[in-house]
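# Make a model of this:
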Amino acid sequence: MDGPDITSAEHRGLDDETVSTLRLSMLPGIGPRTLTALLDTFGSPRRVLAADNSQLAAVPGVGPKLIHTIRTAADYVDTDSILQWCQSHDCDLLRKGRGGYPRPLEDLSDAPPILFARGTLTRTDELAVAIVGTRHATAYGTRQADRIAYGLAKAGVTVVSGLARGIDAAAHDGALSAGGRTIAVLGGGLGQIYPPEHVGLADAIAADGAVISEYAPYAKPRGGMFPQRNRIIAALALATLVIEAPDRSGSLITARQAGELGRDVLALPGPVTSRASRGTNQLIRDGATLVQTVDDILESLGPMARSVSTDDGHEVRNPAELKLNDVERTVLESIDASSTLIDQVIARCGLPAHQVMATISVLEIRHLIRRQSGHYVCRI
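Prediction:
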């Protein structure tokens, strides 16, 4: 078995472990769960590729055919051609555990070890909402997806979707129209944009966000790839909003995966007579949060596990903070996570007492702070 192409890796500034990861993750017949089992067993892709037959056979889900594929990995994956494609198409390789890899994906038990990315992923992209829905959207659905994506992007939220026809495309378009950020997650390789009429849209997204895939650039999209990519869409976002989904829509898979990851599941209601909204309305009946406006979405998200620095230098702990005006933000930033005396808040922000008291009431209604007594408040 040939080892990783270290010369090629060094030429492109990549270490041999990254190239080993690339080779292993691109092998045919290895899905996310089997790949995770292999890495859990051996500790690194390089050790997987160096393992003997008996060691590989001890891993659940690894049979004789897959053993042969791993042992002859260099015959199946031409890492040099992949790296050359990436270099000529301004595509970055993001390896799990290294800088640039999206932190939210760490919540996935089967997170892809390698991501291909055109464009740029930033820390502010952790303030993200996924918008998904049917490819056969009605005029109502596309208008709503565009409207909500536009509003989210204006508020500073990154919009995540799948570049598909219908709702996905409208969501990407809405975010771009607002001058905001959007991320497209593909169900195929970056060199096989699907549908083909969205090549221009993919270029626009890469210029103001990122287009990403776990598949090799030349991998043609197949039906089974789309449910698999949906887990990445769900993991990247704080919440998944479903707009128009019929009974057996892939968007419902994304919503289920979001719920399993502890993300919020949101749904925009549709007409009860519309087949395109049957799945969406069912989600609401089953407990998804009904939303109608961008404010509904931001208020539903609640505190995040970790704060994110916005482009204007503010530390955001709750997406609802993005809609605050200057006075509201000043008062909020004068309140600690622990008990803070209201007189101290007034002194810190330098505003009239009556204005601070009125603003505290607004922040309390928006669930950004909590009154602990008549004289103390704290941030949630």
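
# Buried residues, the helix ranked longest in the chain. List them.
Among the segments of the chain that qualify as a helix by DSSP state H, the longest is helix 139-155. Neighbour-count burial for helix 139-155, counted by 16 or more other CB atoms under 10 Å, picks out 140-142, 144-155. Where you see a C-beta, it was placed from the backbone N, CA and C, and this is true even at glycine.

# ok, the most centrally placed residue in the chain - contacts?
Closest residue to the average C-alpha location of the chain: Leu236 at 1.8 Å, with CA atoms, centre = their mean. By CB atoms under 8 Å, 6 or more residues apart in numbering, Leu236 lies in contact with Pro102, Pro104, Leu105, Asp125, Ala128, Ala130, Val160, Ile183, Val185.

# pLDDT wise, what is the second one at?
Spelled out, it's Pro104. Per-residue pLDDT puts Pro104 at 93.

# Correct me if wrong: it contacts Ala235.
Yes: under the criterion of CB atoms under 8 Å, Pro104 makes contact with Ala235 at 5.4 Å.

# and Leu93, how far is that from Leu14?
7 Å (CB to CB, to the nearest Å).

# Which strands and helices lie in contact with the helix or strand hosting Leu49?
Using DSSP states H and E, Leu49 falls within helix 45-50. Where contact means 3 or more CB pairs under 8 Å, 6 or more residues apart in numbering; DSSP states H and E, helix 45-50 is packed against helix 16-25, helix 32-42.

# swap the cut-off to 10 Å and go again
helix 16-25, helix 32-42, helix 53-57, helix 64-71, helix 73-76 (3 or more CB pairs under 10 Å, 6 or more residues apart in numbering; DSSP states H and E).

# circling back to that earlier point, which of the contacts of Leu236 lies closest to Gly61?
Leu105 (21.8 Å; CB to CB).

# Based on its surroundings, how many neighbours for the residue lying closest to that closest one once chain neighbours are set aside?
Excluding its sequence neighbours, the residue lying closest to Leu105 (CB to CB, 6 or more residues apart in numbering) is Ala111, at 4.6 Å. The local packing of Ala111 (other CB atoms under 10 Å) involves 21 other residues.

# Ala111 contacts Leu261, correct?
No: applying CB atoms under 10 Å as the test, Ala111 and Leu261 come out as separate, 11.1 Å apart.

# Please enumerate the shared neighbours of those two.
Common neighbours of Ala111 and Leu261, counting by CB atoms under 10 Å, 6 or more residues apart in numbering, are Pro104, Arg231, Ala235.

# If you rank those residues by neighbours, which is first?
Neighbour max across the shared contacts of Ala111 and Leu261 (other CB under 10 Å) = Arg231, 25 neighbours.

# Quick one: residues contacting the nearest residue to it once chain neighbours are set aside.
Leaving out its chain neighbours, the residue that sits closest to Arg231 by CB to CB, 6+ apart is Gln257, at 5.0 Å. By CB under 10 Å, 6+ apart, the residues touching Gln257 are Leu108, Pro227, Asn230, Arg231, Ile232, Ile233, Ala234, Ala235, Thr240, Arg263, Val265.
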